[in-house]
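> with the input below, show me the fold.
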Amino acid sequence: MKIGERLKRLRMVNSLTQEELASRADLTKGYISQLENDATSPSIATLKDIIDVFGVSMQEFFSDVADDENVAFGKDARVQATHDDEGIKVELLVPGAQNREMDPVLVTLEPGEEMDEQPVHEGEEFGYVLSGRIQLKLDEKTHTIKKEECFYFTSDKKHTVKNIGKTAAKILWVVTPPTFYY
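You can find the predicted model right below:
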């Protein structure tokens, strides 16, 4: 097992320099560099001090989950967050979004259907209209968005979407952080 590679990945994901990590773990920059290059091995106590900086347990650090992380998800991985009998269908495209930075969903609105008004919350939202025509209302301002057009806004506005077309509208919608209301 390459401990150095894992340490470096954790450091990079947490946007720390070697010097910042060394300072937080009460070590030297040179020692962190040696660890990341697998030129030396840390004691268990030193390794614990380092991974504590990242808020990771020893079990998480040594688990192979990160190496086996799914990156591709087929239709069978989708989770339907709404009932079939509704005119609005929301499908979670990537399982476990609550543990991720984004929540990608596929929203299908039958003609005339409108989502409940979403409250103000933190984050940003992006949507790409795959088919149909929708009306996006942000606070009191309304926008018409057609097939192959997209929208992007900060979630600090009340917002709702309505299908104003004659056919079903499909939207690839991404919310960050995962706060999509179904």
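
> touching stretch 169-182 from outside, list them.
81-82, 90, 97-98, 100-109, 116, 118-119, 121-134, 155, 161, 163 (C-beta atoms under 8 Å, 6 or more residues apart in numbering). In short, each C-beta sits where N, CA and C put it, glycine included.

> one more: stretch 148-159?
Counting by C-beta under 8 Å, 6+ apart, 117-129, 136-139, 143, 145, 175, 179 sit against stretch 148-159.

> restrict that stretch to CA atoms and write it as PDB.
The C-alpha trace of stretch 148-159 is given here as PDB (Å, rounded to 0.1, in the frame of the first residue of the first chain):
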ATOM      1  CA  GLU A 148     -31.000  22.700 -25.300                       C
ATOM      2  CA  GLU A 149     -30.900  25.900 -23.300                       C
ATOM      3  CA  CYS A 150     -29.800  26.000 -19.700                       C
ATOM      4  CA  PHE A 151     -30.200  28.100 -16.500                       C
ATOM      5  CA  TYR A 152     -27.900  28.900 -13.600                       C
ATOM      6  CA  PHE A 153     -28.600  30.800 -10.400                       C
ATOM      7  CA  THR A 154     -27.700  31.200  -6.800                       C
ATOM      8  CA  SER A 155     -30.300  29.600  -4.500                       C
ATOM      9  CA  ASP A 156     -30.900  32.700  -2.500                       C
ATOM     10  CA  LYS A 157     -34.200  33.300  -4.300                       C
ATOM     11  CA  LYS A 158     -37.500  31.500  -4.100                       C
ATOM     12  CA  HIS A 159     -37.800  29.500  -7.300                       C
END
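
> for the spatially most central residue of the chain, which non-adjacent residue is spatially closest?
Centroid-nearest residue in the chain, with C-alpha atoms, centre = their mean: Met102, separated by 2.0 Å. Closest residue in space to Met102, ignoring its immediate chain neighbours: Thr176 at 4.6 Å, by C-beta to C-beta, 6 or more residues apart in numbering.
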